[in-house]
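[1] model this:
(chains A, B and C)
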Amino acid sequence: MESIYWPSFFFFLFSGLACAFAVAVLLSSNIVRMAFYLVLSLGATAGLMFLAGAEFVGAMQLLIYVGGTLVLLIFGVMLTSQERFVVMKTWAGDWVKAFLAGGALLFILAYAAFSIPEWRGIERAEADAVEAQPSVTPIAMGLLGARTDDPDGSGYLLPFEIVSVHLLVVLIGAAYLARAKRSRSSLEKL
Amino acid sequence: MAAFLSQYLWTWLAYTIAGLVHVALILNLVAVGALVFIWLERKISGRIQDRLGPTRVGGKFGWLQTLADGIKLLTKEDLAPEGADHFLFKIAPYVSFCASIAAFIAIPFAGGYYPWIAQHLNVGVFFVLAVLGLEVFGVILAGYSSASKWSLFGAMREAAQVVSYEVPLGMCVVVPVLIAGSLDLVVIGDTQAGWFTNWLVFHDPFTFITFWVYFTCATASVNRAPFDLAEAESELVAGFHTEYSGLRWSFFFMAEYGSMFSVSILASILFLGGWHGPIPITEFLGLSPENGPFLGYLGQLLGAVNVIGKGVIGVCVMMWIRWTLPRLRIDQVMATCLKYCTPIAAIMFLGATLWQLQLPGKTFFGLIEVPEAVYAIGDGGSDAAGQMPESESPAEQQDRIAQTTPSASQISRKGL
Amino acid sequence: MLSIPFANLLTEPVGVAHYVTVGAILFICGALCMATKRNALGVLMGIELVLNGANLNFVAFGSRYLRDDANSLGLDGQLMALFVIVLAAAEAAVALAIALNFYNNHDSIDVDRADQLRG
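    From the prediction side, this is the model:
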């Protein structure tokens, strides 16, 4: 028991959950259950991000992705469900082809990842020596264009502004697309 | 605690025991809190409506009424409608309850160098908000899976309402974060040490208004009247929990009271000084860890009483509002959010930013100069590091490093 | 060659390769989801899974716990991941609006029925 490296144990716990629920999303044919499994999968991924030391990104993942985007998705499901529980089946042949392609791709990616020696992880003593550093302030300064962690690195002020304007455009555009159209008959009644 | 235990036990056992103790404490807080709050709600609603409320069970004041209710709920049959999606129907109350409890993981009950907190996070504020946002999933799943039009309507209203109210809520929370210069709840609480004039609600006129906007949005985001559209009894029977009975129904109830409590505690830490009372009694009496572990423990205990007391007051105000104001219509709820709360929060955010720029280092509406010692608490530990015992656990080191985050004032002094 | 990393799985820290593998599994599940689902919102969920897998890779390459400091992506990884999250939220809002519009016109969100432009 003493020799177990606990961060690794939690990595396998969270990654197992994330992968299992991702497969469940793929295999489930009920759209609301898919959304539920997706929530759990994304939550487990946020746990993986916390383990990798990216606390701010993990919290953002929970706040924006899980709390915002997926609620929106489920909202869309409820607005568009014509029968009680939307079920759409896929043919067996499609599944076979999909799994062949997916399995081959997974094998190539995993093989490539593990064939690089530096990517297999650092020594235990080294990992214990890594000091935890808060990442919130450097991230905020980086977004404002001043890098405190790495003087040679470039700031992200322009992308930040572009993303802000993009979000505004998206908000207006989505509201325009999804607005309630007044039909001609209701106009005539007025 | 884990570090202390691991001197005597295996490390993994020490961490497991420490974790279990934290979980037990939080569970107790939420469950006992819900018991007390339900009783309190009945008494308060009774008084407001000019009646007595429960009087008999458990002797005086009917204080055992909730327990009797709980036993009654336990013995009820666990029903599920025939057309329901059984798996989701069964799991939905637990999703709500887990989200509501998980928010307490990152909430500190006392600060200082050894904060009373289950898991010290650098991004505590956002974590709490994010996890509270997850509670809506349980409600949506419950509404969708129970195959009833009332439930579906309730769930759709809840989804729209919660997603909209997260925007002004997030903006309000950013204001104290901006003033304290940290996302860490412990640091935010400790910047308000001293007299009540240091509380962030009195920091400037903008934070004062922000606090009220925050409280409105928090009430809406935990679905309390006048914003309880998801369970509007007069229109939707009982909204999303129409089809629930027995223990599963009571899980929804506990989740609601748990999240009310956690947003109130969050309000008290962000705006109302957290574990620092209006008068710095702990400072007068010297109840700090430097004067020995026992006095330090007493000081922390007083801090926890402060936090929980402020949280209970917040919950009572929510109850008072619930039994005083009529319920809004759904379009009025959305208009309150999008036309009033969001613009006001945005303006307050802008105003607080400019105020910080013009009058840094002042508090109580810019009238009082803050002593440097209090203001620079963000880099605490730099002089205390030498006094710390050598046998620190990595977790404690992490805590200390979290406290050494440069505060906004320091960064501005460096001219960045 | 693949047997070496599984030898001391629990006693040694994990590396970038482990994270990349998890990211690959999420990516492939998402891609297959996009390919096999006929519900427009199911396709959208597949996209979310793909983006999430990519995000995990960004975080892993920037983490100081997974590889030595000199070669790590540093903070840029986390910043990129943040941009991906924000853009994914925007993309979901637009895609949802399109799906709702499609549903208004066709009374269905089956992507196979969007075939009016077929010659």
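
[2] What about the closest residue to chain B within chain C, how many residues nearby?
    Using CB to the nearest CB, residue C:93 is the residue of chain C that sits closest to chain B, at 10.7 Å. To be clear about C-beta, it is placed using only N, CA and C from the backbone, and glycine gets the same treatment. For residue C:93, the neighbour count with other CB atoms under 10 Å in any protein chain shown is 22.

[3] and it, that one's in a helix?
    Yes - remark: residue C:93 belongs to a helix, assigned using DSSP: H, G, I helix; E, B strand; the rest coil.

[4] quick one: the nearest residue in space to it that is not next to it in sequence and residue B:212, what's the gap?
    Nearest non-adjacent residue to residue C:93, counting by CB to CB, 6 or more residues apart in numbering or on different chains: residue A:174, 4.5 Å away. Distance from residue A:174 to residue B:212, counting by CB to CB, to the nearest Å: 30 Å.

[5] where does the chain dip in pLDDT?
    Assuming you mean chain A. Along chain A, the parts satisfying pLDDT under 70 run over A:1-3, A:81-90, A:127, A:132, A:149-151, A:178-190.

[6] Let me rephrase: I mean chain B.
    In chain B, residues with pLDDT under 70: B:1-7, B:232-234, B:286, B:289, B:366, B:370-416.

[7] Walking through it, point out its strands one by one.
    Listed in chain order, the strands of chain B (DSSP state E) span B:362-363, B:368-369.

[8] Which strands border the first one, and is each parallel or antiparallel?
    Pointing back at strand B:362-363 there. strand B:368-369 (antiparallel) (DSSP bridges).

[9] ok, the residue of the stretch 151-300 of chain B found nearest chain A - contacts?
    Among all residues of the stretch 151-300 of chain B, residue B:159 sits closest to chain A, at 4.7 Å; criterion: CB to the nearest CB. Residue B:159 makes contacts with A:71, A:74-75, A:78, B:136, B:140, as judged by CB atoms under 8 Å, 6 or more residues apart in numbering or on different chains.

[10] can you redo those as TSV with distance to chain C and neighbour count?
    Output for these, formatted as TSV (distance: CB to the nearest CB, whole Å; neighbours: other CB atoms under 10 Å in any protein chain shown):
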residue	distance to chain C	neighbour count
A:71	10	23
A:74	9	25
A:75	8	19
A:78	10	18
B:136	16	26
B:140	14	31
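
[11] count of residues packed around the residue in chain C that chain A sits nearest to?
    Residue nearest to chain A within chain C (CB to the nearest CB): residue C:15, separated by 2.8 Å. Residues within reach of residue C:15, counting by other CB under 10 Å, total 24.

[12] Contacts only, for the closest residue to it other than its chain neighbours.
    Leaving aside its sequence neighbours, residue C:15 sits nearest to residue A:121 (CB to CB, 6+ apart; 2.8 Å). For residue A:121, the contact set (CB under 8 Å, 6+ apart) comprises A:127, C:12-18, C:66-67.

[13] Got phi/psi on residue A:121?
    phi 110, psi 160 (degrees, to the nearest 10).

[14] so how far is chain A from residue B:346?
    Residue B:346 is 13 Å from chain A, where distance means CB to the nearest CB, to the nearest Å.

[15] before we move on, the earlier item: could you dump the strands of chain B to TSV with mean neighbour count?
    Below are the strands of chain B laid out as TSV (neighbours: other CB atoms under 10 Å in any protein chain shown):
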stretch	mean neighbour count
strand B:362-363	21
strand B:368-369	13
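
[16] Go through those strands and name the closest to residue B:48.
    strand B:362-363 (36.0 Å; CB to CB).

[17] who touches the residue of chain C closest to chain B in this structure?
    A:72, A:170-171, A:174.

[18] And the pLDDT at it?
    The confidence metric pLDDT takes the value 83 at residue C:93.

[19] How about the residue of chain A found nearest chain B, nearest residue that isn't a chain neighbour?
    For chain A and chain B, the shortest gap (CB to the nearest CB) falls at residue A:67, measuring 3.2 Å. Computed as CB to CB, 6+ apart, the closest residue to residue A:67 that is not its neighbour in sequence is residue B:133, at 3.2 Å.

[20] Check whether that neighbour really touches residue B:162, as I assumed.
    Yes - with contact defined as CB atoms under 8 Å, residue B:133 and residue B:162 form a contacting pair (7.0 Å).

[21] quick one: common contacting residues for these two?
    Joint contacts of residue B:133 and residue B:162 (CB under 8 Å, 6+ apart) are residue A:71.

[22] quick one: contacts for the spatially most central residue of chain B?
    Taking CA atoms, centre = their mean, the centroid of chain B lies closest to residue B:262, which sits 2.4 Å from it. By CB under 8 Å, 6+ apart, the residues touching residue B:262 are B:100, B:103-104, B:107, B:128, B:132.
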